[in-house]
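>>> Predicted model, plus sequence, below.
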Amino acid sequence: MNNDQPQKACYGPSLTMLFGSFLRLGITAFGGPAMIAYIRKRAVTQKRWLDGESFQDGVALCQVIPGATVMQMAAYIGLKTRGVSGAMVSYIGFGLPAFFLMMALSVLYSVTHALPAVVSVFNGLQAVIVAVVANAAVSFGKTSLKSRKNVLVACIAAGLFWLMVNPMLIILLAALLGMLLNSRQQATLRTGHEIKMSATTRPLLLFLLGTAAGFALLYFFRKDLFQLAVLMSKIDLIAFGGGFASVPLMFHEIVEVRSWMDGPTFLNGIVLGQFTPGPIVITATFVGYLVHGLTGAIVATAAIFLPSFLILVGIAPYFDRLRASPWFARAIGGILCSFVGLLLTVTIRFALNVHWDFPHMALAGAAFAALILKLDILWVVFAGTAVSVLVL
């Protein structure tokens, strides 16, 4: 059997099957990128919708385009098996559980956040979130900073992010530095495996027209929601490195630039995001709800996921050509280095929003140690909640 070819049509799932499968996966999608192993088991081993090599191509693609990697993988499998409609139902099915749970938690937060017990819990968990971001910086650093030149790019980016330079400019500079500083580096890229799927140009154009129409309606009838949608879309477009990369950018734009909420409140939104399945970028739902209610939550959620979905649909058929270019790989490497600098900056800024005393420092230290030892983040958050209730 030729493993380079996709599975035969008899294995092709219906749209209903795709939606149901990814809805079930979405309900238990804790652990971020760790869910990719479970998606592979479902799509490759159990259902044989894809072969292993095609699945790995999808992982590579989703790692080098902006957006939440796990969400993108759900869409990729749908795209490979049932075209754009399959990508859409898989994407929506995987993300719905996180959206509904975050909506419920946001409503509950808005009416209970002033209660003393709730304040105590969130104060403790803010220290845990500092440890989570610090661990992410360490993890990204281990995989992205493989030379002194990469460290230099990360340090330059950290300084520029600290000075609040436009994130898009920093990312473009990091891509340029990645290409220039690593011009002699040989890229280890695999070529020759074509991604075969039905044409996506026409459906993509229809999606783009629909998106443009939606933005136009918001601009003429609800400019406040238009501004929210544009901001979330911009964040998603430059969030290379997975869904976690969106959170520091969101913090920068919402807390520091626009002052739509204060730092501790935003940290509380990240805390709630850790209790929901799916990507951490679902924090956008919390932001949208607190700023503009239910409509704001829907608009913010759609805007934070739609651009990266459109990029996936547009790029997937041509990914092999891009991946074969060493300049493309070096540019992506530079961008990922910049996010190490971003995470370092945000760790410091998050820490400045926490009231530090010995119990909070001990809690943050214990959480960081647990994450370094690969303890699941959900258990770290649950343990932090228990400690906050009993001790703080």
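Received the coordinates, thanks.

>>> contacts for stretch 122-133?
Contacts to stretch 122-133, defined as Cβ atoms under 8 Å, 6 or more residues apart in numbering, come from residues 113, 247-248, 264, 267-268, 270-271, 274, 343, 346-347, 350-351, 353-356, 359-361, 363-365, 367-368, 371, 377, 380-381, 384-385, 387-388, 391-392. In short, each C-beta sits where N, CA and C put it, glycine included.

>>> Also stretch 54-66?
Contacts for stretch 54-66 (Cβ under 8 Å, 6+ apart): 6, 36, 40, 43-44, 50, 69, 72-73, 76-77, 80, 193, 195, 236-240, 242, 245, 307-308, 311-312, 315-316, 319-320, 323, 332.

>>> Ok, stretch 94-114 next?
22-23, 25-27, 29, 70-71, 74, 118-119, 122, 268-269, 272-273, 275-279, 282-283, 285-286, 289-290, 294, 297, 301, 305.

>>> In this structure Gly78 contacts Gly86, no?
Yes: taking Cβ atoms under 8 Å as the definition, Gly78 is a contact partner of Gly86 at 3.5 Å.

>>> Which neighbours do these two have in common?
Taking Cβ under 8 Å, 6+ apart as the criterion, Gly78 and Gly86 both touch Leu18.

>>> out of the contacts of stretch 54-66, which are inside strands?
With strands taken from DSSP state E, there is no overlap with these.

>>> now those: which count as buried?
6, 36, 40, 43-44, 50, 69, 72-73, 76-77, 80, 195, 236-240, 242, 245, 307-308, 311-312, 315-316, 319-320, 323, 332 (16 or more other Cβ atoms under 10 Å).

>>> which ones among those are found in helices?
In helices, judged by DSSP state H, the following of the buried ones among the contacts of stretch 54-66 are found: 36, 40, 69, 72-73, 76-77, 80, 236-237, 307-308, 311-312, 315, 319-320, 323, 332.

>>> Per-residue confidence, Arg190, what does it come out as?
pLDDT, Arg190: 47.

>>> Can you give me the distance of Ile77 to Tyr318?
The gap separating Ile77 from Tyr318 is 18 Å, by Cβ to Cβ, to the nearest Å.

>>> try Met261
40 Å.

>>> Pick out whichever of those two has more residues nearby.
Shown here are Met261 and Tyr318; by other Cβ atoms under 10 Å, Met261 has more neighbours (16 against 11).

>>> give the contact list for the more buried one.
Ile254, Val255, Val287, Leu290, Val291 are the contacts of Met261 under Cβ under 8 Å, 6+ apart.

>>> Check whether the fourth one really touches Thr265, as I assumed.
Yes: using Cβ under 8 Å, Leu290 and Thr265 qualify as a contacting pair, with a distance of 7.2 Å.

>>> Name the residue in Gly78 and Gly86 with the higher neighbour count.
Set side by side, Gly78 and Gly86 show more neighbours around Gly78, with 29 against 26, by other Cβ under 10 Å.

>>> How about the contacts made by that one?
Per Cβ under 8 Å, 6+ apart, neighbours of Gly78: Leu18, Phe22, Ser85, Gly86, Ala87, Met88, Val89, Ser90, Tyr91.

>>> how close does the last one sit to Gly214?
Spelled out, that is Tyr91. 17 Å.

>>> More neighbours: these two, which one.
Tyr91 (28 against 16).

>>> moving C-terminal of whichever strand or helix holds the more buried one, what's the next helix or strand?
Element membership for Tyr91, per DSSP states H and E: helix 69-112. Per DSSP H and E, the first helix or strand lying C-terminal to helix 69-112 is helix 116-144.

>>> Tell me which residues of that following helix come out buried.
Those would be 118-119, 121-138, 140-141, 144, for helix 116-144 by 16+ other Cβ under 10 Å.

>>> ok, back up a step: Leu290 and Thr265 - which one has more neighbours?
The neighbour count for Leu290 versus Thr265, taken as other Cβ under 10 Å, is higher for Leu290 (22 against 18).

>>> Just give the nearest non-adjacent residue to that one, would you?
Met261 (6.2 Å; Cβ to Cβ, 6 or more residues apart in numbering).

>>> Same check on Val247?
Ile280 (5.8 Å).

>>> Check what pLDDT that neighbour gets.
Value listed for Ile280 in the pLDDT field: 80.
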